[in-house]
Structure formats: C-alpha cells, structure tokens
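A.B. asks: turn this into a model:
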Amino acid sequence: MAKKAKLSKADKLFLQAVEYYENDDYEKAFLIMEQAAKAGSTEAEYGLGLMYQKGNGVEQNYQKAAQWYNFAAEKGDTDAQFNLACIYSGEWEDNEDYEKALFWFEKALEGGDEDAKEQIKRVQQILQEYKNDGCLHKWELFKKGEHHEDNCNFFYTRDKYKCKLCDKIKSV
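C.D. replies: Okay, here's the model as predicted:
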C-alpha cells in the first residue's frame with residue numbers, strides 16, 4: 001500500500017481556495033488564495049492573477065493580475081507566462097509592451113504552450129512594422145506606450161501622415 005504524499009500548508013490552502021472558487025464563492029476563494037500565495041504556492045499566484053484579470057472576488061485590475069502572473073511566470077508556470085504575455089500584448093488592456101509580450105510568449109512556448117506560436121508571429125509582425133516604418137520617433141514613442149498618431153498630422157490623403165517631431169511624410 002503506497003503512502004499518500006503529505007501536502008504542504010500552501011497546497012492545502014490552494015485546494016481549499018479552488019473549492020470555494022468552483023462553488024462561486026469568489027470572495028472567500030480570493031482570501032484563501034492570497035494566503036496560499038504568501039505561503040509559497042505558485043498555483044495560487046497564478047490563481048490570484050486570474051482572479052484579478054476576471055474580477056472574481058476582487059475588483060478587476062490588470063496591473064495586479066500582471067504582478068501575480070509575473071510571480072508565477074518567473075517560477076516557470078506556463079499558463080502564467082502566456083497570460084502575462086497577453087496583458088503585455090494588449091489582448092485585455094490598452095497597455096502594450098510588445099517586447100515583454102514576445103519574451104513571455106516565447107517562454108510559454110518553451111514550456112509547451114503551443115497556442116503561443118501564433119501569438120509570437122502576431123507580436124513579431126507588429127514589432128517589425130514599427131521598426132521598419134522609418135520614423136524613429138514613432139518607434140521610440142511606441143516603446144514608451146505612447147501612440148505615435150497623437151504626434152502626427154494626417155494630411156494629403158488618409159494613408160499619409162507627417163510627424164510633428166521630424167517632419168517626415170510617411171505612408172500608413
């Protein structure tokens with residue numbers, strides 16, 4: 001007869017939180033999930049990220065979701081890596097950092113998440129478009145999270161703009 005593996009305090013708390021979550025008692029699940037994360041559960045860190053992302057048991061907050069996903073992602077949790085990349089790629093919020101998104105999608109793919117392949121192609125294409133545009137101001141503003149169009153005058157036709165910073169006329 002095989003011995004049962006003894007669960008850690010963090011594991012026990014995490015399983016208890018999951019039980020509350022599955023019974024739609026999100027507030028209680030959140031409180032226990034937080035305890036499990038503080039006790040060292042990577043699964044609970046991912047769970048808190050998910051709860052903040054969806055607004056289950058707590059006010060929806062993508063910044064806090066990213067923070068908790070990051071804790072789990074750093075420990076190799078592939079789901080957390082993928083979800084963190086989605087946040088950085090603007091999937092759920094207008095707060096793009098495509099270089100970070102690419103990094104985390106690649107980590108998720110290394111961890112076996114095949115869905116990351118298509119996302120990597122999409123993010124690489126976006127990065128290439130900005131880098132190849134020819135207006136360095138556009139790329140620098142983009143990297144800071146600022147929309148370049150805010151710094152451009154659209155004129156002549158709908159497919160050309162003039163950069164206020166360098167006076168270049170570019171096709172869109």
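
A.B. asks: for the longest helix anywhere in the chain, which positions count as buried?
C.D. replies: Longest helix in the chain, counting residues (DSSP state H): helix 116-132. With burial defined by 16 or more other C-beta atoms under 10 Å, the residues of helix 116-132 counted as buried are 116, 119, 120, 122, 123, 126, 127, 130. C-beta: built from backbone N, CA, C; applies to glycine.

A.B. asks: repeat that for stretch 24-39.
C.D. replies: 26, 29, 30, 32, 33, 34, 35, 36, 37.

A.B. asks: and stretch 75-85, by the same measure?
C.D. replies: For stretch 75-85, burial by neighbour count (16+ other C-beta under 10 Å) applies to 77, 78, 79, 80, 81, 82, 83, 84, 85.

A.B. asks: kindly report the same for stretch 102-115.
C.D. replies: Buried, per 16+ other C-beta under 10 Å, within stretch 102-115: 102, 103, 104, 105, 106, 107, 108, 109, 111, 113.

A.B. asks: doesn't residue 36 lie inside a strand?
C.D. replies: No: under DSSP: H, G, I helix; E, B strand; the rest coil, residue 36 falls outside any strand and is assigned helix.

A.B. asks: shouldn't it be in contact with residue 10?
C.D. replies: Yes: look at residue 36 against residue 10 with C-beta atoms under 8 Å: they come within range, at 5.2 Å.

A.B. asks: identify the contacts common to those two.
C.D. replies: residue 44 (C-beta atoms under 8 Å, 6 or more residues apart in numbering).

A.B. asks: got a pLDDT number for residue 163?
C.D. replies: If you check residue 163, the pLDDT there is 53.

A.B. asks: also residue 63?
C.D. replies: As predicted, residue 63 sits at a pLDDT of 92.

A.B. asks: first-to-last residue distance for stretch 31-48?
C.D. replies: End-to-end span of stretch 31-48 (C-alpha to C-alpha, to the nearest Å): 10 Å.
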